[in-house]
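Q: Dropping the sequence and predicted coords here.
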Amino acid sequence: MPSGKFSIRVIRAEAPAIRATLASVTSFRQTLRLADGRTVRIRPISADDAGPIAAGFALLTDEEIRSRFLHQIKSLGPEQLQQLTHPDRRNEFVLVAAEALPPGQALVMAVARLSRDSADKSRAEFGILVSHFVSGQGLGRRLLQLLLDWGARHGLREIYGDVMAENAPMLRVAAALGFERERVPGDASLLRVRKRIA
Ligand SMILES: CC(C)(COP(=O)(O)OP(=O)(O)OC[C@H]1O[C@@H](n2cnc3c(N)ncnc32)[C@H](O)[C@@H]1OP(=O)(O)O)[C@@H](O)C(=O)NCCC(=O)NCCS
């Protein structure tokens, strides 16, 4: 995985416990050392992450929440949390970047989600949130790259996301990974970034 100019380092790619899922899971588990010295584990989301994610939500800024959800929300409701932490594995893929502790104990610093369109399963929308405590160190780019990798392995043709037009960090991450951008008809405040995979 290229690290670009960031001094992010992969410490190890962890072997999953269940051999049957090895091919699809192996590279989605990585332990990284960030430039600020933090050790962060990227892994598929666990049901036990619900508590830390709900608690961590309170530490997000209004701007982070608006940038991710495109409107303001005060908290993640029980249904949203349940859906996020129990992805439908055929149609969704969710990664977290968290402390290197067991799920439930680990603070979750970033969540990246990919969700197939119900009308066209060959397309999927992404959403990423990297907490400002760890942003600007290459995590957003790495997580989006991993979503692209998952999509390529699971037959997706295209990945896209709607981004606020003033969201320079997300637009830079997307551009760096080869996403094209286009207008969203009827909404000048948004840009759609999309990348064909195959
Ligand atoms: C957008 C977001 C995911 C980026 O995550 P990140 O971990 O900071 O991303 P990276 O560190 O991989 O890269 C950030 C890029 O933006 C640039 N950047 C950072 N802050 C910036 C700013 N204020 N203005 C312009 N560019 C900025 C960085 O320099 C880097 O670009 P470069 O590699 O060309 O130098 C994160 O800021 C975030 O979660 N924001 C709130 C939610 C959101 O916007 N989600 C996206 C919509 S789904």
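A: Everything's here; your move. Numbering: from 1, shown residues only.
Q: Name the helix or strand of the protein that has the lowest mean pLDDT.
A: Using mean pLDDT, DSSP states H and E, helix 22-25 stands out as the lowest-scoring helix or strand of the chain, at a mean of 42.
Q: immediately after that helix, which helix or strand?
A: Per DSSP states H and E, the first helix or strand lying C-terminal to helix 22-25 is strand 30-33.
Q: Following that following strand in sequence, what is the next regular element?
A: Counting by DSSP H and E, what follows strand 30-33 is strand 39-44.
Q: mind saving the C-alpha coords of that next one as PDB?
A: Backbone C-alpha positions of strand 39-44 (Å, rounded to 0.1, in the frame of the first residue of the first chain) are rendered in PDB as follows:
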ATOM      1  CA  THR A  39      -0.700   3.300  16.900                       C
ATOM      2  CA  VAL A  40      -4.000   2.700  15.000                       C
ATOM      3  CA  ARG A  41      -5.600  -0.600  14.000                       C
ATOM      4  CA  ILE A  42      -7.600  -0.700  10.800                       C
ATOM      5  CA  ARG A  43     -10.100  -3.600  10.800                       C
ATOM      6  CA  PRO A  44     -13.700  -4.400   9.800                       C
END
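Q: Mind listing what's buried along it?
A: Residues 40-44 are the ones in strand 39-44 that count as buried (16 or more other CB atoms under 10 Å). (C-beta placed from N, C-alpha, C; glycine too.)
Q: So which residues lie in contact with that strand, not counting its own?
A: 11, 14, 25, 28-34, 93-100, 103, 106, 109, 134, 139, 142-143, 146 (CB atoms under 8 Å, 6 or more residues apart in numbering).
Q: The residue most central in space within the chain: what's it in contact with?
A: Of all residues in the chain, the one closest to the mean position by CA atoms, centre = their mean is Ala112, 1.4 Å from it. Applying CB under 8 Å, 6+ apart, one finds that Ala112 lies in contact with 94-96, 126-129, 143-144, 146-147.
Q: Which ones among those also lie next to the ligand?
A: 127-129 (CB under 6 Å from any ligand atom).
Q: Show me the shaky parts of this protein.
A: Applying pLDDT under 70 to the chain flags the ranges 1-7, 12-26.
Q: quick check: longest helix of it.
A: Across the chain, the helix with the greatest residue count (assigned by DSSP state H) is helix 139-153.
Q: can you confirm Val193 is in a strand?
A: Yes. The assignment for Val193 is a strand, going by DSSP: H, G, I helix; E, B strand; the rest coil.
Q: hey, what's it bridged with?
A: Judged by DSSP bridges, the bridge partners of Val193 are Gly161, Arg181.
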